[in-house]
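Trainee: The following comprises the amino acid sequence and a computationally predicted model.
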Amino acid sequence: MVERVLVTGARAPAALDIARNLKAAGFEVHMADCVPARIARWSCAPTTVHRHASPVRESARFAADMRCLLDRLAPTAVIPTCEEVFHLVALAEADGWSDRVIAPPMDRLTRLHHKGQFADLCQTLGLPVPDSTTATDADALMMQATRGQVVVKPAWSRFGARTLIGPTPQQLARLSPSPDQPWIVQDGVRGEEVSLYAMAHEGQMSAFSAYRSDWRTRGGAAYVFEPLTGGVLDRLREMASTLASFVGTGQFGCDAIVDATCKPWLIECNPRATSGVHLFGRSAEFGRALLGCGIADPASDDWRNGVMLDSFGVAEALRTRRLSKWRTNRGRSKDIVSAPGDPLPPLGALMDAAGFGLRALASGHGLAEAMTADIEWNGQPLTPALWERP
């Protein structure tokens, strides 16, 4: 009998590529999300894309929906890909099925996700990280942020949301840190931003990739991915291996700054799938590595989010006079959304983007915030009472 795997966070291109890798490895792949997720629904990779309630807005219904899915599908494993990972892990720990979720326990997820706790963890593990302090009130923030060229950001955030580089006193005065919503003040590091991704099982890496990008949204999210080579790649692999020993089992990605001496400094961590999954080229080896069966190495190809590059990228190329580079990057890279024999996900991605855009307009928030508001976790208690059966 073919083993089933449930991949959550179906809205993400990374989730779709994970589904393609798992299908290549011979698994029956099901996906789930609390939005239409047409990028996955219109793909031939998953057997079915299921809908569940938002874990943020309807916690009890989310729990009921997930219990129903687990009972019906009986998956070998559940692979979270976005910030629903926090809600899933908390629910699994309350219900007793943590062994099926490919993610670290909640206490480790918290340390990885909280930017101040992650910096402290790196210092404990001997990994290079800029000096970082946590501010829980306005006076402390103002005092810490005037010590030099610093970066100020919420402890709980994603996609560079609300990050301030070298903030002015006027910008700092508009912030309201608190014990529940602290802000991090981190020494600025000049250099090139790079990213790593790793899959860990029982403290050992089963997959690793690292990339750079000249094409990013204003929030910092990359949409062209160029694999790294050389000494920086080796240093990042060593860092990821050290972090894997803490993670235990699960996916994680880190952003780093490579300074003028080619030394990488870890900036923050995302304990979930990231764009590094695309570098494995939809291989059966990576599909098996996700479940701890063997080791996968990335391919050498450049990859692009064609939907993003052909929209945001064109505007950015015109603004920065990089049309020649845009053509070069587009010509030599492969698309992460489309695939041979699977032509509809790009259209689904455009429809999804339109839906999130309407949400952003209705809420008055930015597009990045609208894309995660129904699944994100910002440190609020996730107690068993949330999962009481309706």
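Mentor: That came through fine.

Trainee: Roughly how far does Asp213 sit from Gly160?
Mentor: Residue 213: Ser, not Asp. Between Ser213 and Gly160 the distance is 13 Å, computed by CB to CB, to the nearest Å. Just so you know, the C-beta spots here come from the backbone N, C-alpha and C atoms, and that holds for glycine as well.

Trainee: again, but for Leu73
Mentor: In terms of CB to CB, Leu73 sits 36 Å off from Gly160.

Trainee: neighbours of Arg216, just the number please.
Mentor: Arg216: 17 surrounding residues under other CB atoms under 10 Å.

Trainee: Give me the local confidence score for it.
Mentor: Predicted confidence (pLDDT) for Arg216: 87.

Trainee: Now do the same for the most centrally placed residue in the chain: its pLDDT.
Mentor: With distances taken as CA atoms, centre = their mean, Thr274 lies nearest the centre of the chain, 4.1 Å away. You'll see Thr274 listed with a pLDDT of 96.

Trainee: Ok, Phe159 next?
Mentor: 78.

Trainee: May I ask you to confirm that it is in contact with Gly220?
Mentor: Yes: assessed by CB atoms under 8 Å, Phe159 is found in contact with Gly220 at 6.3 Å.

Trainee: do you know how far the residue nearest to the centre of the chain is from Leu344?
Mentor: The value you get for Thr274 to Leu344, if CB to CB is used, is 24 Å.

Trainee: follow-up on the earlier one: list the residues that contact the residue nearest to the centre of the chain.
Mentor: 14, 195, 197, 251, 253 (CB atoms under 8 Å, 6 or more residues apart in numbering).

Trainee: out of the residues you listed, which one sits closest to Ala360?
Mentor: For these, the closest approach to Ala360 (CB to CB) belongs to Ala14, at 21.1 Å.

Trainee: in which helix or strand would I find the closest one?
Mentor: Taking DSSP states H and E as the definition, Ala14 sits inside helix 13-24.

Trainee: burial measure for Cys68, as a count.
Mentor: For Cys68, using other CB under 10 Å, the count is 12.

Trainee: Could I get the phi/psi values of it?
Mentor: With angles defined as degrees, to the nearest 10, Cys68 sits at phi -60, psi -40.

Trainee: what about it, distance to Arg51?
Mentor: 11 Å.

Trainee: got it, and Val29?
Mentor: 16 Å.

Trainee: higher neighbour count, those two?
Mentor: Val29 (27 against 14).

Trainee: my read: the more buried one touches Leu16, true?
Mentor: No: counting by CB under 8 Å, Leu16 is not a contact partner of Val29; they are 10.0 Å apart.

Trainee: got any residues that touch both of the two?
Mentor: Ala45.

Trainee: Give me the contacts around the helix or strand hosting Ala349.
Mentor: Ala349 is located in helix 345-363, with elements delineated by DSSP H and E. Residues outside helix 345-363 that contact it (CB under 8 Å, 6+ apart) are 11, 13, 16, 35-43, 306-307, 335, 337-339, 366-367, 369-371, 373.

Trainee: which residues of this protein score low on pLDDT?
Mentor: Low-confidence segments of the chain, defined by pLDDT under 70: 1, 219, 389-390.

Trainee: tell me the domain boundaries of it?
Mentor: 4-103+375-387, 104-130+189-336, 132-186 (automatic domain parsing).

Trainee: Kindly present these as JSON lines, with separate columns for distance to Ala349.
Mentor: Formatted as JSON lines, those follow (distance: least, CB to CB, whole Å):
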{"stretch": "domain 4-103+375-387", "distance to Ala349": "4"}
{"stretch": "domain 104-130+189-336", "distance to Ala349": "5"}
{"stretch": "domain 132-186", "distance to Ala349": "17"}
